[in-house]
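Student: How does the following fold in three dimensions:
(2 chains)
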Amino acid sequence: MATIWLNARAEKRELPKRAAGNQIETRLMLGHNRGKNEGTGVIELENVAYSYGGGELLSDISVKLAPGSFHFLTGPSGAGKTTLLKLCYGALLPTAGHVRLFEADVRGLNRDDVALIRRRIGVVHQDVQFLDHLPVADNIALPLTVSGRHAEAGGSDLNELMGWVGLQDRAAALPPELSGGERQRAALARAVIMSPEVVLADEPTGNVDWDMSQRLLTLLVELNRMGKTVLIATHDLSLIRAAKAQVQARVLRIANRRVQLAGADL
Amino acid sequence: MKLDLAQLRALLAGDRQADRVVPPSGYTAQLTLFAAGAMAFLAVFALALSLAAGRLAERWGAELAHTATLRIVAPADQRAEQTAAALAVLETTPGVAEARALTDAEQAALLAPWFGADLPLDTLPVPRLIETKTESGFDPTGLSLRLAAEVPGAVLDDHGRWRAPLVSAASRLRVLGWVVALLIVAAVAAMVTLAANAALAANAQVIAVLRLVGATDSYIANAFVRRFTLRALSGSAVGVIVGLLAVWLMPTGSADAPGLLTGIGFRGAGWLVPLMVPLVAGLVALLATNTAARRALGGLT
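Tutor: All right, here's what the predicted structure looks like:
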């Protein structure tokens, strides 16, 4: 029986158990366990560079996200935050260096491997995309549907998850009917329904007011307390300061194509 | 992403949830259905024409291959004598199963379409015709030489001169019918590929979302492939049914009518051939959509 979000809540700070039905998934999972023992990260970037349109956008980036860690990624607009995030879930390949997801180098992964890895990484974009013809509940359950576990999404687990993000009354609504904050919360619920080990969020509070951004932050902090590795890309320094009051977070700043650990000014 | 057995099994089994992830596309769906139906309708006629031409070629070949005609061109006072001599020669010729001189009435009937029924045959230098049925071992060259020596007024026509182009034409018509059917299949493939490409482009956001949440290429492709395969299958099934009805309602000639137009249609097991059209259309749609989807998905991250 596969584990979904609620089971992970109960496990508290333990990485979720996963079904070993797929050989690739099993291999990646074993890699993850080895990584834990050897102190390696669930996501590792080693001397990574990324070029686009003839110019180098990122250069010599080395980042390691340890299991259960909480990171912010900040920097001015256009610095490459979104690009770095995309490198972290295999949506982009580095032009130099190595990106390892659960110890597997992305260059060695085929397209199905990448798809399976994405089931272990929940992603929330600023411009959240949904399937506009399906109700919100079905959109949130989409990761379960595509992985053949739709039966698990039909019952009280999904309802509880929707309650967690405050959308229990919006299950039948279509995505275009949602407000910006509701869309962000729906995206967060969709990102965590598979109980991923990692949650990546790109400007998750970009389109919402202060109260809603605090609510979203609280949800992300709560996920981290459940043991999820969280990486949030944002240029909102007030959000970072608010988070540091709740969780031990490290702040990475992109400047001049490189990543550096931000100091006490944050 | 090849179309392997597991994917084929998943495709045939269907997945209601997977089918829902691709939004319905009413307008293009109707066009695909209509185009598949129209193509299947035309394919039925192409097959009917091909099979009819095949039957005609076989009939001409079979009927004319075992007959020969002997023409006795001689003065009226020698015609009966030479006819008897020719019949005697034919009786002793290996490969000749039967030989019979046509009566005046039969010859008049043959000429009636051109000269009318009241033709005074006995006043005209019309040659006497001897109808000959042949069997294996018949040697027309040897017979011609023997007749030249023994019956100088006899001319042998084994029908080969005009039978060959007729049989060849009918055979080519049969091939042409199959070529037309194959072109229709290719047109179905092109049409489905275009429609699938349009659907994939129109659903770029859907595909991006599915990739983001961990859908494999096979899962995404199957959602499109299943849809287009079913459309081609159902559209062409309707086209075949209408086509078969139209062929069935076509006027037919009498059993011995030699015409091609009155012979268009299916006979016996031939009626099963057009039933393959929806299956072929479905298979073509499956392969075309799978190829289009593979190409489209291969370019995405």
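Student: all contacts plus neighbour counts: C-alpha atoms, from now on.
Tutor: OK.
Student: SS state for the residue of the stretch 51-200 of chain B found nearest chain A?
Tutor: The stretch 51-200 of chain B approaches chain A most closely through B:Leu200 (14.3 Å), counting by Cα to the nearest Cα. Three-state call for B:Leu200 (DSSP: H, G, I helix; E, B strand; the rest coil): helix.
Student: Against A:Asp169, how distant is it?
Tutor: According to Cα to Cα, to the nearest Å, B:Leu200 and A:Asp169 sit 33 Å apart.
Student: same question, A:His125
Tutor: Taken as Cα to Cα, the span from A:His125 to A:Asp169 is 23 Å.
Student: out of those two, which sits in the busier spot?
Tutor: A:His125 (20 against 10; other Cα atoms under 10 Å in any protein chain shown).
Student: after the helix or strand that B:Leu183 is a member of, next one along is what?
Tutor: Per DSSP states H and E: B:Leu183 is located in helix B:160-202. Following helix B:160-202 in sequence order, the next helix or strand is helix B:204-212 (DSSP H and E).
Student: what helices or strands is that next one leaning on?
Tutor: helix A:111-118, helix B:217-249 (3 or more Cα pairs under 8 Å, 6 or more residues apart in numbering or on different chains; DSSP states H and E).
Student: mind listing what's buried in it?
Tutor: Going by neighbour count (16 or more other Cα atoms under 10 Å in any protein chain shown), the buried part of helix B:204-212 is B:206-212.
Student: now stretch A:205-217
Tutor: Quick answer for stretch A:205-217 (16+ other Cα under 10 Å): A:205-208, A:212-217.
Student: Same question for stretch B:165-177.
Tutor: Quick answer for stretch B:165-177 (16+ other Cα under 10 Å): B:166-167, B:170-177.
Student: Let me have these in a markdown table, adding distance to chain A and pLDDT as columns.
Tutor: Below are the buried residues of stretch B:165-177 laid out as a markdown table (distance: Cα to the nearest Cα, whole Å; pLDDT from 0 to 100):
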| residue | distance to chain A | pLDDT |
| --- | --- | --- |
| B:Leu166 | 59 | 80 |
| B:Val167 | 57 | 79 |
| B:Ala170 | 53 | 80 |
| B:Ser171 | 51 | 83 |
| B:Arg172 | 49 | 87 |
| B:Leu173 | 49 | 83 |
| B:Arg174 | 47 | 84 |
| B:Val175 | 45 | 88 |
| B:Leu176 | 45 | 88 |
| B:Gly177 | 44 | 85 |
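Student: Of all pairs in those residues, which one is the farthest apart?
Tutor: Spatial extent of these (Cα to Cα) is set by the pair B:Leu166 and B:Gly177 at 16.5 Å.
Student: Low-confidence ranges, the chain, go.
Tutor: In the absence of a named chain, chain A is used. Scanning chain A for pLDDT under 70 picks out A:1-39, A:151-155, A:263-266.
Student: right idea, wrong chain: chain B
Tutor: Looking at chain B by pLDDT under 70, you get B:1-8, B:10-12, B:26, B:253-262, B:301.
Student: Contact residues of it facing chain A?
Tutor: B:17-18, B:21, B:23, B:205-206, B:209-217, B:219, B:301 (Cα under 8 Å from any Cα of the partner chain).
Student: which ones are touching the closest residue to chain B within chain A?
Tutor: Residue nearest to chain B within chain A (Cα to the nearest Cα): A:Ala115, separated by 4.3 Å. Contacts for A:Ala115 (Cα atoms under 8 Å, 6 or more residues apart in numbering or on different chains) come out as B:211-216.
Student: And for A:Ser238?
Tutor: Applying Cα under 8 Å, 6+ apart, no residues contact A:Ser238.
Student: Am I right that it is in a helix?
Tutor: Yes - assessed by three-state DSSP, A:Ser238 belongs to a helix.
Student: Look up how far A:Asp209 lies from it.
Tutor: On the measure of Cα to Cα, A:Ser238 and A:Asp209 end up 12 Å apart.
Student: Please apply the same query to B:Arg161.
Tutor: Counting by Cα to Cα - B:Arg161 and A:Asp209 are separated by 94 Å.
Student: now A:Leu178
Tutor: Between A:Leu178 and A:Asp209 the distance is 15 Å, computed by Cα to Cα.
Student: mind listing the strands for the chain?
Tutor: Answering for chain A, as no chain was given. For chain A, the strands defined by DSSP state E occupy A:43-52, A:55-65, A:70-74, A:96-101, A:104-105, A:121-124, A:198-202, A:229-233, A:250-255, A:258-261.
Student: Can you look at chain B instead?
Tutor: Ranges of strands in chain B, per DSSP E, are B:67-72, B:96-101, B:128-134, B:154-157.
Student: Let's have the ones you listed in CSV, adding mean neighbour count.
Tutor: Formatted as CSV, the strands of chain B follow (neighbours: other Cα atoms under 10 Å in any protein chain shown):
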stretch, mean neighbour count
strand B:67-72, 21
strand B:96-101, 18
strand B:128-134, 20
strand B:154-157, 19
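Student: Save those as TSV, and put in distance to B:Leu230 too.
Tutor: Converted to TSV, the strands of chain B look like this (distance: least, Cα to Cα, whole Å):
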stretch	distance to B:Leu230
strand B:67-72	53
strand B:96-101	58
strand B:128-134	55
strand B:154-157	58
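Student: Among those, which comes closest to B:Gly282?
Tutor: Among the strands of chain B, strand B:67-72 sits nearest to B:Gly282 (Cα to Cα), with 47.2 Å.
Student: List the contacts of that closest one.
Tutor: With Cα under 8 Å, 6+ apart as the criterion, strand B:67-72 contacts B:79, B:82-83, B:127-134, B:153-159.
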